[in-house]
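> need the 3D shape of this:
(one chain, ligands or ions: 1)
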Amino acid sequence: MRVGVLTGGGDCPGLNAVIRAIVRKGILNYNYEILGIFEGWKGLMKEDKIKPLSLVDVTGILHRGGTILRTSRTNPFKVENGVDTIKATLKKHNIDALIAIGGEDTLGVAAKLYQDGMKVVGVPKTIDNDVMGTDRTFGFDTALNIATEAIDRVHTTAEAHNRVMVVEVMGRHAGWIAIESGIAGGADIILIPEKITFVSNVCTLINRRHSRGKDFSIVVVAEGAKIKMSPDSQEEELVLQDKKLDAFGHVRLGGIGYKLAELIEAGTGFETRVVILGHIQRGGSPTAFDRVLATRFGVHAIDLVHNGQFGQMVALQGVKIVPYPLKDVVSRIKTIDPEMIETAEVFFG
Ligand code: F6P
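Residues are numbered from 1 along each chain as shown. You can find the predicted model right below:
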């Protein structure tokens with residue numbers, strides 16, 4: 001059996017751990033040939049982007065961030081003859097099955113290709129933790145720890161200067177990184193995409209906290225958070241870096257921290273500064289949790305291939321890794337549970 005492996009979408013820590021696990025178990029337990037497909041779906045539509053992966057190729061990569069296979073946000077359904085080209089490439093290289101490691105977009109392509117008759121298995125990755133069917137995606141824990149450490153650091157400088165510090169984190173249209181790093185870092189207010197926040201309330205909460213004798217505040221804002229000036233204002237703001245859409249129809253978020261800081265300073269009179277964590281959240285070495293989860297995902301993904309369970313994604317549910325249908329992952333994202341939001345709100349202001 002010849003199995004192709006690709007990583008698609010934004011990178012995240014733990015991708016190499018999945019690749020290593022697939023190669024190890026595929027070669028040693030099943031005697032498969034594993035083929036690395038470079039730069040995501042693009043690799044199946046170009047020449048020279050497919051190379052066999054040996055045991056030696058995957059030594060020393062467990063702890064490394066990024067992906068040895070590189071990645072891209074290519075959508076084959078947006079490329080002329082994209083799917084036919086993929087089919088031809090798979091045939092040319094005698095690839096019997098494919099493991100696609102990616103987020104909602106990559107897994108959405110995998111689901112469609114499966115419907116089209118291809119033997120595909122998915123592995124959920126993203127720092128955003130927004131993939132349906134799995135309690136956790138790998139990469140999230142690393143991003144969460146980076147954001148928490150940043151909030152801890154910002155705390156001491158905020159306190160020293162009697163400032164409000166706004167920390168903007170990633171997460172696209174889900175607030176997982178914001179809410180969990182905000183709770184872990186003791187943020188005084190957290191803004192997330194799941195709940196519209198009124199700037200007037202943010203200012204009231206900061207004023208309340210400062211009237212109790214505190215001279216600084218920490219505000220965590222998700223890049224996709226929606227804000228309104230006040231309960232009666234019509235306008236809901238989503239701040240974009242760029243209005244252009246990528247191949248999967250996504251806008252580029254980012255910059256809400258600056259807007260919010262301006263409004264907080266104007267509304268409270270307290271000096272306010274901004275920190276945008278950006279891609280730092282996606283870079284570097286994965287945490288132990290992510291290394292273990294990614295390793296388990298990789299091992300179970302090659303098992304799904306071996307058992308002929310195609311059209312499935314590996315998922316963490318409770319403490320177990322289980323198969324989850326790829327078709328149920330598509331066009332929905334997993335957002336934060338209201339109970340988590342209520343818990344965070346106990347500590348606001
Ligand atoms: O999906 C992961 C993510 O890091 C989001 O949190 C963020 O909005 C986006 O990717 C950034 O994408 P890019 O790497 O293309 O700037």
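
> check contacts around Gln309.
With contacts defined as CB atoms under 8 Å, 6 or more residues apart in numbering, the neighbours of Gln309 are 121, 323. C-beta: built from backbone N, CA, C; applies to glycine.

> just confirm it is within a strand.
No: Gln309 is assigned coil when assessed by DSSP: H, G, I helix; E, B strand; the rest coil, not a strand.

> taking the stretch 201-349 of the chain, what residue is nearest to the ligand?
Leu253 (5.0 Å; CB to the nearest ligand atom).

> spit out the contact partners of the closest residue to that residue other than its chain neighbours.
The shortest distance from Leu253 to any non-neighbouring residue, by CB to CB, 6 or more residues apart in numbering, is to Glu223 (4.2 Å). Glu223 makes contact with 168-172, 239, 253-256, according to CB under 8 Å, 6+ apart.

> I'd say Ile280 and Ile146 touch.
Yes: shown here, Ile280 and Ile146 form a contact pair, counting by CB atoms under 8 Å, at 6.3 Å.

> more neighbours: which of the two?
Set Ile280 next to Ile146 and count neighbours by other CB atoms under 10 Å: Ile146 wins out with 22 against 13.

> from Ser331, how far out is the more buried one?
29 Å (CB to CB, to the nearest Å).

> kindly report the same for Lys125.
18 Å.

> what about the nearest residue to Arg64 once chain neighbours are set aside, helix or strand, and which?
Counting by CB to CB, 6+ apart, Asn16 is the residue found nearest to Arg64 once chain neighbours are left out, at 5.1 Å. Assigned by DSSP states H and E, Asn16 belongs to helix 15-28.

> sorry, back to before: can you report how many residues lie near the residue of the stretch 201-349 of the chain closest to the ligand?
Neighbour count for Leu253, taken as other CB under 10 Å: 21.

> hang on, Lys125 packs against Gly8?
No: Lys125 is beyond contact range of Gly8, at 9.1 Å (criterion: CB under 8 Å).

> where do the contact lists of those two overlap?
Common contacts of Lys125 and Gly8 (CB under 8 Å, 6+ apart): 101-102.

> and those two? which has more neighbours close in?
Counted by other CB under 10 Å, Lys125 and Gly8 do not tie: Lys125 has more neighbours, with 32 against 29.

> which residues touch the more buried one?
For Lys125, the contacting residues are 7, 9, 12, 14-15, 18, 101-103, 137-139, 294, by CB under 8 Å, 6+ apart.

> rerun at 6 Å
12, 101, 137-139 (CB atoms under 6 Å, 6 or more residues apart in numbering).

> out of the residues you listed, list just those in strands.
Counting by DSSP state E, those place Ile101 in strands.

> the contacts of Lys125 also near the ligand: which ones?
With the criterion set as CB under 6 Å from any ligand atom, no member of the contacts of Lys125 is near the ligand.

> distance to Val121, neighbour count and pLDDT for the contacts of Lys125 - can I get that in CSV?
Formatted as CSV, the contacts of Lys125 follow (distance: CB to CB, whole Å; neighbours: other CB atoms under 10 Å; pLDDT from 0 to 100):
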residue, distance to Val121, neighbour count, pLDDT
Cys12, 19, 30, 96
Ile101, 10, 33, 98
Thr137, 16, 29, 98
Phe138, 16, 33, 98
Gly139, 19, 29, 98
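
> redo the contacts of Lys125 as a markdown table? Include distance to Gln312.
Converted to a markdown table, those look like this (distance: CB to CB, whole Å):
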| residue | distance to Gln312 |
| --- | --- |
| Cys12 | 21 |
| Ile101 | 14 |
| Thr137 | 16 |
| Phe138 | 17 |
| Gly139 | 20 |
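
> from the contacts of Lys125, which ones fall inside helices?
Nothing among the contacts of Lys125 maps onto helices, per DSSP state H.

> and of the contacts of Lys125, the nearest to the ligand?
Checking these against the ligand by CB to the nearest ligand atom gives Cys12 as the nearest, at 7.1 Å.

> could you measure from the residue of the stretch 101-250 of the chain found nearest the ligand over to Arg252?
Relative to the ligand, the nearest point of the stretch 101-250 of the chain is Met170 (3.2 Å; CB to the nearest ligand atom). Relative to Arg252, Met170 is positioned 11 Å away (CB to CB).

> who has more neighbours, these two?
Met170 (26 against 13).

> from Phe347, how far off is that one?
According to CB to CB, Met170 and Phe347 sit 22 Å apart.

> equivalent analysis for His161, please.
For His161, the distance to Phe347 - CB to CB - is 22 Å.

> same question for Ile218.
11 Å.

> which of the two has more residues huddled nearby?
More neighbours surround Ile218 than the other of Ile218 and Phe347, with 22 against 13 (other CB under 10 Å).
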